[in-house]
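K.L.:
sequence? don't have it. structure:
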């Protein structure tokens, strides 16, 4: 039984033959190559495209080393795609193509470009050139160490379509695993949705996820950013793991680092490292949004791992904080379903115990918006305790607007309304049917 990635497959289908190259990005090992070379290839074949018109070039294969020269690659593909038929070309690990100095400046020789050379030819030039051929529909993937969406889409200057993959959503995970929705949720909270982890036995998942950091993610970050050592990177990643879902800034992380390592790390270094993590798609940033002033505010942020299994791997799979894991899942699922997501905050003036008026900042877990849909969302494990429920819904009583107010509970219950008109819904119902 195969893992379906229907949402991404639909994006490929909808952009087919649109005249632009399709750039597939995402965290390493999230299934970019599988999406192209298995799912999309099968779709094209079933749609009547001859097998010989689907060209797959794996540029990390030593047998294709000669195609890492950009001019050789361009000529090779053009020779394969002669005639009036449409050809679908998949270039995997495109970052293996090196950059050369324009041969017109080197007596026709192909010379590797240096950092300071400006008259160069790279894979970007080849991809853009090939995409102008009316009978070539081009798709490219690459590793994050040299090919990040922020960098690549800048280089293409809006002349390419970016399709960004995440690990399996909970819907994709449950579609593959089947069985009880509740059981699927608890497994997903623990091990996440990295495709190869999902396919492994439970006793193999932990080792696989832990090794991903050392052998893939950290080595990519160190290589890309020319870091000499990985100890600080490792420790900061652990700190962010423990502070998942909490409002933090570089100063707070720097202080935590000093407490744990008995060493000092400056705030600018912390900010740089956070950028390394976000560029590698390991974590996502949720900014604060003043829901009364309708604007983003402050330097405090929340950070969520793009996969709960990866976050748990940093903490050696110690018993996870259920609230943090539920928040992480909801945040990622909202993003997956196309919502813009912020941490909702607003101020109120209230009386303290001494009867003095004081300003108080209130927080809502998420303010989510997609088109005309808007939700305030609070997440909790249980509301059987009246004090817990009162605490969770208190901000809703203070907001005087018509935006739908949702309380998501980690219980298997259908969507309902309480006596205040607030939506009460179980976690799996919310993930699989409410926001999908």
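P.N.:
Cool, the structure landed. Everything quoted here is computed from the prediction, not taken from an experiment.
K.L.:
would you agree residue 337 is in contact with residue 433?
P.N.:
No - using Cβ atoms under 8 Å as the test, residue 337 is too far from residue 433 to be in contact (11.4 Å). Placement of C-beta: from N, CA and C, glycine included.
K.L.:
the two: who's more crowded?
P.N.:
residue 337 (18 against 12; other Cβ atoms under 10 Å).
K.L.:
next, that one: phi, psi?
P.N.:
Per-residue torsions, residue 337: phi -90, psi 10 (degrees, to the nearest 10).
K.L.:
what comes up buried for stretch 295-305?
P.N.:
For stretch 295-305, burial by neighbour count (16 or more other Cβ atoms under 10 Å) applies to 301, 302, 303, 304, 305.
K.L.:
now the second one: closest residue in space, sequence neighbours ignored.
P.N.:
Yep, that's residue 302 we're talking about. residue 286 (4.3 Å; Cβ to Cβ, 6 or more residues apart in numbering).
K.L.:
who's in contact with that neighbour?
P.N.:
301, 302, 303, 304, 331, 341, 342, 343, 366 (Cβ atoms under 8 Å, 6 or more residues apart in numbering).
K.L.:
tally up the residues packed near the last one, please.
P.N.:
Counted with other Cβ under 10 Å, residues neighbouring residue 366 total 23.
K.L.:
bridging residues for it?
P.N.:
residue 377 (DSSP bridges).
K.L.:
and what of the first one?
P.N.:
Beta bridges link residue 301 to residue 248, residue 287, judged by DSSP bridges.
K.L.:
following the least confident helix or strand in the chain by mean pLDDT, which helix or strand shows up next?
P.N.:
When the helices and strands of the chain are scored by mean pLDDT, DSSP states H and E, helix 149-156 comes last with a mean of 72. Next helix or strand after helix 149-156 toward the C-terminus (DSSP states H and E): strand 161-165.
K.L.:
tell me the helices and strands packed up against that following strand.
P.N.:
helix 6-14, strand 22-26, helix 149-156 (3 or more Cβ pairs under 8 Å, 6 or more residues apart in numbering; DSSP states H and E).
K.L.:
again, only using 6 Å
P.N.:
When contacts are defined as 3 or more Cβ pairs under 6 Å, 6 or more residues apart in numbering; DSSP states H and E, strand 161-165 packs onto strand 22-26, helix 149-156.
K.L.:
can you give me the buried ones in the longest helix anywhere in the chain?
P.N.:
Counting by DSSP state H, the longest helix found in the chain is helix 322-336. Neighbour-count burial for helix 322-336, counted by 16+ other Cβ under 10 Å, picks out 324-336.
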